[in-house]
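In: For reference, the sequence and a predicted model appear below.
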Amino acid sequence: MSTKVDLEFNKNEDLNKQLVYDLKTRFKKVALGGGEKAAAKQKEKGKMLCRERIEYLRDQDKPFTEIGAFTGDGMYAEYGGCPSGGVVTGIGYVSGRQCIIVANDATVKAGAWFPITAKKNLRAQEIAMENRLPIIYLVDSAGVFLPMQDEIFPDKEHFGRMFRNNALMSSMGITQIAAVMGSCVAGGAYLPIMSDEALIVEGTGSIFLAGSYLVKAAIGEEIDNETLGGATTQSEISGVIDDKFPDDKSCLDRIKYIMDKIGHFETAGFDRVATVKPIKKESEIYGILPADRGKTYDTMEIIERLVDGSEFEQYKEGFGKSIICGYARIDGWAVGIVANNRQLVKSKKGEMQFGGVIYSDSADKSARFIMNCNQKKIPLVFLQDVTGFMVGSRSEQGGIIKDGAKMVNAMSNSTVPKFTIIMGNSFGAGNYAMCGKAYDPRLIYAWPGSKIAVMGGEQAAKTLLQIEKASLISKGEVITPEAEKALLDKITDRYNTQMSPYYAAARLWVDGIIDPMETRSVISEGISMANHAPVKQFNVGVIQT
């Protein structure tokens, strides 16, 4: 390495390690939920905190892949915020069986459902349904957050959709286990009763359609909550609950016992061999990934630090060079990788192609590769660092829209599971073609320095500036150079905030933000869960040639 290269590597490494440090610091804050005072109140009641329940329940020798840790980040400030959306979800193992775990966080507004809480719960159910994974609900919720009931109650993707999903999962033969470990009220009472097993903790768990105050207001009956819907009432008198337990741990022990007995079903049959660590040092990714996300770099150097043995066999290496396609293994699993090439490369006609831009030939190559992976039943991994499709008269005359449509069609109709990692930029239609959230990746995670938006910040800010200037001028206002700069800075700051991966994670546009060193584990766990669900025959539909 030259001194210049060494300095650039060190600069990149410092910045990327700082981004990871910031990620871990922010996670520690989020993991506190509603804060220490709220946690102390739960402890006084003899309850475990939601993350403690998950830790006690899950197998400690297996990974836990959290989904949506930063859900709600920066949202609902007028109500005191909603850390992690008031619910902790993830993919873990219980008694050796991979499953989805959903645990309400009673330290956040007593576990009440905000709009983003519903979205997160539905995402957890979606993952369970797509991959036919058992799902465990640790219920401790006050129900709908009433100040926002109009945004949580009646629509298709709102609170009620969860119970519809309960019914569908039951018909699909997906095991659902619910433990009522705190409040479970109103419509939320249907969730445990629509599960296969419904358990309750004495003294802290209660389940009813209406609490004592509402019963008094509605029919004038005087009754306390324990008599109305406590553990003894619902397990020994109504028979609504299957069994009661003296404390959280004994209830969680029963879940472990049940999970240990579940039978095995047909798998998808994805190929796996013994895992081999990459030969090239994974941590060098920090130094390779540019501090300036607009700079070029060798994407192959990233790939070789993510795949087993650093072995990667390219598909059509000499054609469509702005996207790299090829076969490899990740933690033993066979995968097909589609990655944006961030280098400046020469096309087959000798023209220079910009790094991170999708050209017609690369879109055509990718479509064919995706179809091949479906034919061979190989899961797909998309590594995004894309600024969009190439524009201009030459690209339009060359049929960029048609070739882009081929890629989107093949990717959309793919029946093998897709996994997306946003390494850097994820702009415009490039986000779509490279399997953004709208295209149903089984999992989609972002690295800390990534950016997600319709276009780059500088271009977007200048475009928005022109629009705002025209509006002000039409009102007769004079724009001085100083005022124009102040307006541009304001627009740029706002747009940059919206490009942040944390902004995306808060709204569940991605399932989470991860340290690049966690990428292999996330993909491996994703394929492992996807292997529970046999794939359908691939039918790409109509593709113009």
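Out: Done, it's in. On a predicted model such as this, the values are computed, not experimentally measured, just so you know.
In: could you measure the residue in the chain sticking out farthest from the centre against residue 470, distance?
Out: Ranking residues of the chain by C-alpha distance from their mean position (CA atoms, centre = their mean) puts residue 476 at the top, at 46.7 Å. Distance of residue 476 to residue 470, computed by CB to CB, to the nearest Å: 13 Å. Bear in mind the C-beta positions are built from the backbone N, C-alpha and C, glycine included.
In: coming back round to it: backbone dihedrals for the residue farthest from the centre of the chain, both of them.
Out: phi 90, psi 10 (degrees, to the nearest 10).
In: all strands of the stretch 151-300 of the chain, in order?
Out: Assigned by DSSP state E, counting those that start in this stretch, the stretch 151-300 of the chain shows strands spanning 176-185, 197-201, 206-208, 243-245.
In: So which elements touch the third one?
Out: Counting contacts by 3 or more CB pairs under 8 Å, 6 or more residues apart in numbering; DSSP states H and E, the secondary-structure elements packed against strand 206-208 are strand 176-185, helix 225-229.
In: Any chance you could list what contacts it?
Out: 180, 182-185, 189, 192, 200, 225-226, 228-231, 234, 240-241 (CB atoms under 8 Å, 6 or more residues apart in numbering).
In: buried sites along that strand?
Out: 206, 207, 208 (16 or more other CB atoms under 10 Å).
In: With adjacent residues omitted, what lies nearest to the second one?
Out: Counting by CB to CB, 6 or more residues apart in numbering, residue 184 is the residue found nearest to residue 207 once chain neighbours are left out, at 4.2 Å.
In: list the contacts for the one you found?
Out: So residue 184 contacts 139, 140, 141, 191, 192, 205, 206, 207, 208 (CB under 8 Å, 6+ apart).
In: could those residues go into CSV alongside distance to residue 153?
Out: Compiled in CSV, those are given as follows (distance: CB to CB, whole Å):
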residue, distance to residue 153
139, 19
140, 20
141, 15
191, 15
192, 20
205, 24
206, 22
207, 20
208, 19
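In: Going by neighbour count, which residues in stretch 172-184 are buried?
Out: In stretch 172-184, counting by 16+ other CB under 10 Å, buried: 174, 175, 176, 177, 178, 179, 180, 181, 182, 183, 184.
In: tell me the two of these that are most distant?
Out: By the measure CB to CB, 174 and 183 form the most distant pair in the buried residues of stretch 172-184, at 25.5 Å.
In: How about residues contacting the helix or strand hosting residue 367?
Out: If you go by DSSP states H and E, residue 367 is part of helix 360-376. Applying CB under 8 Å, 6+ apart, the contact partners of helix 360-376 are 315-316, 319-323, 325, 336, 338, 341, 347-348, 379-380, 389-390, 395, 398-400, 403-404, 406-407, 409-411, 414-416, 433, 538, 540, 543.
In: same deal with stretch 524-536?
Out: Outside stretch 524-536, the residues touching it (CB under 8 Å, 6+ apart) are 63, 65, 91, 98, 127, 130-133, 265-270, 272, 275, 330-333, 335, 377, 379, 415-417, 419, 442-443.
In: for it, the distance to its chain's centre please.
Out: 16 Å (CA atoms, centre = their mean, to the nearest Å).
In: got it, and stretch 284-292?
Out: 23 Å.
In: Just the CA trace of that stretch, in CSV.
Out: Below are the C-alpha coordinates for stretch 284-292, written out as CSV (Å, rounded to 0.1, in the frame of the first residue of the first chain):
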residue,chain,number,x,y,z
GLU,A,284,-11.0,-4.3,6.8
ILE,A,285,-14.5,-3.4,5.5
TYR,A,286,-14.2,-0.4,7.8
GLY,A,287,-11.2,0.9,5.8
ILE,A,288,-12.5,0.0,2.4
LEU,A,289,-15.9,1.7,2.6
PRO,A,290,-15.3,5.4,1.9
ALA,A,291,-15.9,8.1,4.5
ASP,A,292,-17.3,10.1,1.6
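In: Can you give me the buried ones in it?
Out: Under 16+ other CB under 10 Å, the buried positions of stretch 284-292 are 284, 285, 286, 287, 288, 289, 290, 291.
In: And residue 91, which helix or strand is it part of?
Out: With DSSP H and E as criterion, residue 91 is part of strand 87-94.
In: pretty sure residue 421 belongs to a strand, no?
Out: Yes: under DSSP: H, G, I helix; E, B strand; the rest coil, residue 421 falls within a strand.
In: Read off the pLDDT value for it.
Out: In this prediction, residue 421 carries a pLDDT score of 98.
In: Okay then, goodbye and thanks.
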